[in-house]
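*Asks:* Output the structure for:
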Amino acid sequence: MKMLRRNVLKGIGGVTVGLPFLEGLAPRKALAAGEIVPPYAIFFRQANGVACAQDTDLGAEPERFWPTTEGPLTAATVAGRAMEELSAHLDRLLVVGGVNMQDFNYGDGHARGALQLLTAQGPTVEGVGGDSEAAGESIDNRIGRELNTGGRDSLFLYAGMDGWLGGPCLSYRDAAQRRAAIRDPRQAYMGMMGIDESQFESLAARQKSVNDLVRGQMQALQARPELSASDKARLDLHFTSIRDLENSLSCNLTADEQAMLDGMSPGYESDDGDAVLNAIRAHMQIAALAVACGYTRSVAIQVSSGNDGSTRYRNLESGDLMENYHFLSHRRASHDSSGGIIANADLLHHYVDVQFAQTFAYLLDHLAQYDLPDGSNLLDCGVSVWCNDNGNGPGHSNRNIPFVIAGSAAGFLRQGEYIRLPEETNHARMLNTIGSAAGLRKTDGSFIDDFGDPGLPRGVLDELLA
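*Replies:* Reported below is the predicted structural model:
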């Protein structure tokens, strides 16, 4: 057993199981300074804007996304809105409206939104639409590069079909240098746990857990007298979470699920919205484990391609799979404005928003399970961000881009509120604020104000600070 800043158990065959914070093994000054779990950022991206109040060529559409009033978030202010699905976490949410992207000439609204979302950068070449590339690093990559132990890459996770913008398109190392995404939740899990495919398959075949490969060390750790009752409960939850994750990926599988893992019909490369969001939930379990054990300070999770033009999410009324999401966002049966009108498309778009809200809630539920000695939990330690490429559909506006932030990063951000920022607010300032909340600092120790295109205003948003 090796105890470092990132506490781990080393097991059979080089297996590595990261551990959550344990107060009984922490240096006294870490507890005194409140440095229990360092802040982190998890980004969860949705495409195509949200179903909100607007006038379109098909008529006026009602508000179905934003809270009814600014100020405190309550059951009444989110009733009937997509964010009602987050009701269990209202006191930990910061809903931010009025954030605008720069109208860079990408030649396509989806390219402008998706490639700018985490970079706050314009295109390397203007006006080339689906061939566009962003002209700088993404904030998730910078957090990992500057804050992860040894400069380990942040996690970039993806589920869904490829398509517009080539599939994974959010995370950049530098100008025109996209990062490859991990699509198969198993691969992300194996990389984090230090096991290979044969070990994973052997564990699955024997209905065993990675826990079984470190069982001796686990038992010795749990018997240590320095550990408090809270530590032991925290360990039990952590190991149970690992087991639950494995069960969702490899144990007690149906024939179809086994075929998925064998690459015959992988749900992480599907156009079925249920399969895609289930794969995203598996990615979210990995994200929660990764930040809990200090494997990474940054995760970006992308659902499908640049315009999510293949995924068919479920109609919450009929139970059937709907037309592909991009068509719904255009309100027409086409990838442009030429197709036939889809009846009630604005309501169907709302159903997609609801399913994304439910999936975001799944992440928050997992983070909130990890209790910490100071009475907070893992959700409180960092920021989890549900964000969008566009402000709405079908216009795919670059204005009023939704940002729903959960967690205060240990008191850095305000919570339990809906704040509408001044209309001129550029989202580069939002990314500098999130990066600062996650722990990024300039060389003089001040909050970052140097992320994104240098022609944009880039200071932190004081309105969001606690």
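*Asks:* can I get the CA coordinates of stretch 388-397 in CSV?
*Replies:* Output of stretch 388-397 as CSV, limited to C-alpha atoms (Å, rounded to 0.1, in the frame of the first residue of the first chain):
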residue,chain,number,x,y,z
ASN,A,388,-24.6,24.1,-24.6
ASP,A,389,-23.2,25.0,-28.0
ASN,A,390,-26.1,27.3,-28.8
GLY,A,391,-28.7,29.5,-27.1
ASN,A,392,-31.7,28.0,-28.8
GLY,A,393,-33.1,26.0,-31.7
PRO,A,394,-33.9,26.6,-34.5
GLY,A,395,-32.0,29.8,-34.6
HIS,A,396,-28.9,28.3,-32.9
SER,A,397,-28.1,31.7,-31.5
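*Asks:* How far off centre is that stretch?
*Replies:* Offset of stretch 388-397 from its chain centre (CA atoms, centre = their mean, to the nearest Å): 19 Å.
*Asks:* is it true that E70 touches G98?
*Replies:* No: at 10.0 Å, E70 does not count as touching G98 under the criterion of CB atoms under 8 Å. C-betas here are computed from N, CA, C, even on glycine.
*Asks:* List the residues that are in contact with both of the two.
*Replies:* Common contacts of E70 and G98 (CB atoms under 8 Å, 6 or more residues apart in numbering): R420.
*Asks:* could you pull out the helices for the stretch 151-300 of the chain?
*Replies:* 185-193, 197-205, 210-213, 215-222, 229-249, 255-261, 273-292 (DSSP state H, counting those that start in this stretch).
*Asks:* Just the mean pLDDT for the longest one, thanks.
*Replies:* Averaging pLDDT along helix 229-249 yields 67.
*Asks:* How about the contacts made by the residue lying closest to Y172 once chain neighbours are set aside?
*Replies:* Using CB to CB, 6 or more residues apart in numbering and skipping residues adjacent in sequence, the residue nearest Y172 is S138, 4.5 Å away. Going by CB under 8 Å, 6+ apart, S138 touches 118-119, 170-172, 179, 300.
*Asks:* From the residues you listed, list just the buried residues.
*Replies:* Buried subset of these (neighbour count, 16 or more other CB atoms under 10 Å): 118-119, 170-172, 179, 300.
*Asks:* In strands only, show me those residues.
*Replies:* If you go by DSSP state E, the buried ones among the contacts of S138 have 172, 300 in strands.
*Asks:* tell me which of the buried ones among the contacts of S138 is nearest to G455?
*Replies:* Closest approach to G455 among the buried ones among the contacts of S138 (CB to CB): T119, at 13.6 Å.
*Asks:* For that closest one, give me the pLDDT.
*Replies:* 98.
*Asks:* Hmm, it is touching A175, no?
*Replies:* No: in this structure, T119 is not within contact of A175 by CB under 8 Å, at 9.1 Å.
*Asks:* which residues are common contacts for the two?
*Replies:* Counting by CB under 8 Å, 6+ apart, the residues touching both T119 and A175 are 134-137.
*Asks:* Please report the number of neighbouring residues for the closest residue to P422 other than its chain neighbours.
*Replies:* For P422, ignoring the flanking residues on the chain, the nearest one in space by CB to CB, 6+ apart is G98 at 6.4 Å. A count of nearby residues for G98, using other CB atoms under 10 Å, gives 17.
*Asks:* ok, G98 - contacts?
*Replies:* Contact partners of G98, counting by CB under 8 Å, 6+ apart, are 400, 420-423, 425.
*Asks:* Just to be sure, which of these are found in strands?
*Replies:* Counting by DSSP E, those place R420 in strands.
*Asks:* Just the buried subset of the contacts of G98, please.
*Replies:* 400, 420-421, 425.
*Asks:* pLDDT and distance to A345 for those residues - can I get that in TSV?
*Replies:* Formatted as TSV, those follow (pLDDT from 0 to 100; distance: CB to CB, whole Å):
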residue	pLDDT	distance to A345
N400	97	20
R420	97	27
L421	97	29
T425	93	29
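*Asks:* Pick the one among those residues closest to C381.
*Replies:* Taking CB to CB as the measure, C381 lies nearest L421 of the buried ones among the contacts of G98, at 24.9 Å.
*Asks:* Could you check how far the residue nearest to that closest one when sequence neighbours are not counted is from R420?
*Replies:* Nearest residue to L421, sequence neighbours excluded (CB to CB, 6+ apart): G98, at 3.8 Å. Distance, G98 to R420, using CB to CB, to the nearest Å: 5 Å.
*Asks:* Confirm that T77 sits in a strand.
*Replies:* No: counting by DSSP: H, G, I helix; E, B strand; the rest coil, T77 is not found in a strand; it is helix.
*Asks:* okay, now the nearest residue to it once chain neighbours are set aside: neighbour count?
*Replies:* Of all residues not flanking T77 in the chain, P67 sits nearest, at 4.2 Å (CB to CB, 6+ apart). By the criterion of other CB under 10 Å, P67 has 24 neighbours.
*Asks:* before we move on, the earlier item: for the contacts of G98, name the two members farthest from one another.
*Replies:* N400 and P422 (11.9 Å).
*Asks:* returning to that earlier point: looking at the buried ones among the contacts of S138, spot the one nearest P457.
*Replies:* Nearest member of these to P457, counting by CB to CB, is T119, at 15.8 Å.
*Asks:* tell me the phi and psi of the closest one?
*Replies:* Reported as degrees, to the nearest 10, the phi and psi values for T119 are phi -110, psi -30.
*Asks:* what's it in contact with, if anything?
*Replies:* T119 neighbours (CB under 8 Å, 6+ apart): 134-139, 172, 452.
*Asks:* taking the residues you listed one by one, which sit in strands?
*Replies:* The strands, defined by DSSP E, take in Y172 from the contacts of T119.
*Asks:* what two of the contacts of T119 have the greatest distance between them?
*Replies:* Greatest spacing in the contacts of T119, by CB to CB: A135 and I139 (14.3 Å).
*Asks:* ok, the two, which is more surrounded?
*Replies:* Neighbours of A135 and I139, each counted by other CB under 10 Å, are more numerous for I139; the result is 30 against 19.
*Asks:* For that one, report the pLDDT, please.
*Replies:* Looking at I139, its pLDDT is 98.
*Asks:* quick one: it and Q121 touch, right?
*Replies:* No: I139 is beyond contact range of Q121, at 10.6 Å (criterion: CB under 8 Å).
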